[in-house]
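S.K.: model the following, please.
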Amino acid sequence: MEQWNQSSVVEFILLGLAEGILAETALFVLFLAIYLVTLVGNSMMVMLIGTEPRLHTPMYFFLLHLSLLDLCYSSVTVPQMLAHLLSRHKAMPFARCAFQMYIFLVFGMAECVLLGVMAYDRYVAICHPLHYTSIMSWRFCSWTAGAAWASGIINSLIVNAFALRLPYRGQNLINQFFCEVPAVIKLASADYTEAEVVVFVFGSFLLLLPFILIAASYARIVVAILRIRSAEGRRRAASTCASHLIVVSLFYGTALFAYMRPSSVSSATGQDKAVSVFYTVVTPMMNPLIYSLRNKEVKCALKKLLSRKIFSPVT
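M.R.: Just a heads-up that it's a prediction; the model follows:
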């Protein structure tokens, strides 16, 4: 036993979401359906925005990147979770677990920054409509979208470097359904305080800074909307922001709960798993539904695409 405790961990055992064949089968069917809706919904958004000239605007440019991030974000965790729900041995090799942690944080952190940029886009559209095209130029949009992806890559490298430099010997049971940095570093066989501080600092940086930008943008938007005299004008201005606000609430509500709580809070109650399911599985499915169901331009583009497919002559 002493020799085993001193040996390096070669694989992690994921405890998953439930125990028992019936529960795991039910969860498999449920999450498979959600994942298929996620793939179809986000792929449809990417195709619509890419092919419909009316949607070639900065707002939809950022929405295209959001759909790409959601596709990647959910694909990092859900397929492996589905496989483990049908498997008796829920293990992941150390290297694959480390890779999942890195890729997951890349997409998650990039989405935080992108949501902040999207809020700034709505602020410019409502508060500075006459200067919108000059401020939100294609060069600026491309630069900010690239900065969102780059920030995810760089910050994930730093966070995972601190997590993976810790020694892991003996303990290999992760009370989660995927390899997530806060859950993994708790298994280190040395003091992991430094790694927890790094996760908290960089989590705060990439969660709170975009959140401050979002809050400041919408504070100015609310003031601008209240100055509009007509009720119809206020309604139209508010409706352009409603979808983004819903997406921000879903994503930030769960992400802040997962990454900004004290480390003393135990995950044994299953709260962490429920929250993780929401922001890794449910939110990527909801985003395209929110934007498509609440957006007339997207619905018109979808009808146009479907009519073109249905009524096009067969060759």
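S.K.: how far does stretch 276-292 sit from its chain's centre?
M.R.: 8 Å (C-alpha atoms, centre = their mean, to the nearest Å).
S.K.: then stretch 239-257?
M.R.: Worked out by C-alpha atoms, centre = their mean, stretch 239-257 lies 11 Å from the chain centre.
S.K.: for that stretch, C-alpha coordinates in PDB please.
M.R.: Taking Å, rounded to 0.1, in the frame of the first residue of the first chain, the C-alpha atoms of stretch 239-257 are listed here in PDB:
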ATOM      1  CA  SER A 239     -35.500  43.600 -27.800                       C
ATOM      2  CA  THR A 240     -32.100  43.800 -29.500                       C
ATOM      3  CA  CYS A 241     -30.400  43.100 -26.100                       C
ATOM      4  CA  ALA A 242     -32.800  40.600 -24.600                       C
ATOM      5  CA  SER A 243     -31.300  37.500 -26.200                       C
ATOM      6  CA  HIS A 244     -27.700  38.500 -25.200                       C
ATOM      7  CA  LEU A 245     -28.800  39.200 -21.600                       C
ATOM      8  CA  ILE A 246     -30.500  35.800 -21.300                       C
ATOM      9  CA  VAL A 247     -27.300  34.100 -22.600                       C
ATOM     10  CA  VAL A 248     -25.100  36.100 -20.200                       C
ATOM     11  CA  SER A 249     -27.300  35.300 -17.200                       C
ATOM     12  CA  LEU A 250     -27.200  31.500 -18.000                       C
ATOM     13  CA  PHE A 251     -23.500  31.400 -18.600                       C
ATOM     14  CA  TYR A 252     -22.300  33.700 -15.800                       C
ATOM     15  CA  GLY A 253     -24.700  32.600 -13.200                       C
ATOM     16  CA  THR A 254     -23.300  29.100 -13.300                       C
ATOM     17  CA  ALA A 255     -19.700  29.900 -14.000                       C
ATOM     18  CA  LEU A 256     -19.400  32.300 -11.100                       C
ATOM     19  CA  PHE A 257     -20.900  29.700  -8.800                       C
END
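S.K.: how far away is residue 19 from residue 197?
M.R.: Plainly put, residue 19 is 34 Å away from residue 197 if you go by C-beta to C-beta, to the nearest Å. C-beta coordinates here come from the backbone N, C-alpha and C atoms, glycine included.
S.K.: so between the two, which is more surrounded?
M.R.: Higher neighbour count among residue 19 and residue 197: residue 197, with 12 against 8, using other C-beta atoms under 10 Å.
S.K.: sec struct for the more buried one, please.
M.R.: helix (DSSP: H, G, I helix; E, B strand; the rest coil).
S.K.: what's the answer for residue 216, then?
M.R.: helix.
S.K.: model confidence for residue 67, exactly?
M.R.: The model reports residue 67 with a pLDDT of 92.
S.K.: let me fix that, I meant to ask about residue 219.
M.R.: 91.
S.K.: now for it, how many residues are close by?
M.R.: Residue 219: 11 neighbours (other C-beta under 10 Å).
S.K.: mind giving me the packing neighbours of whichever strand or helix holds it?
M.R.: Remark: residue 219 resides in helix 193-227, with elements defined by DSSP states H and E. Counting contacts by 3 or more C-beta pairs under 8 Å, 6 or more residues apart in numbering; DSSP states H and E, helix 193-227 packs against helix 94-127, helix 138-164, helix 181-185, helix 231-259.
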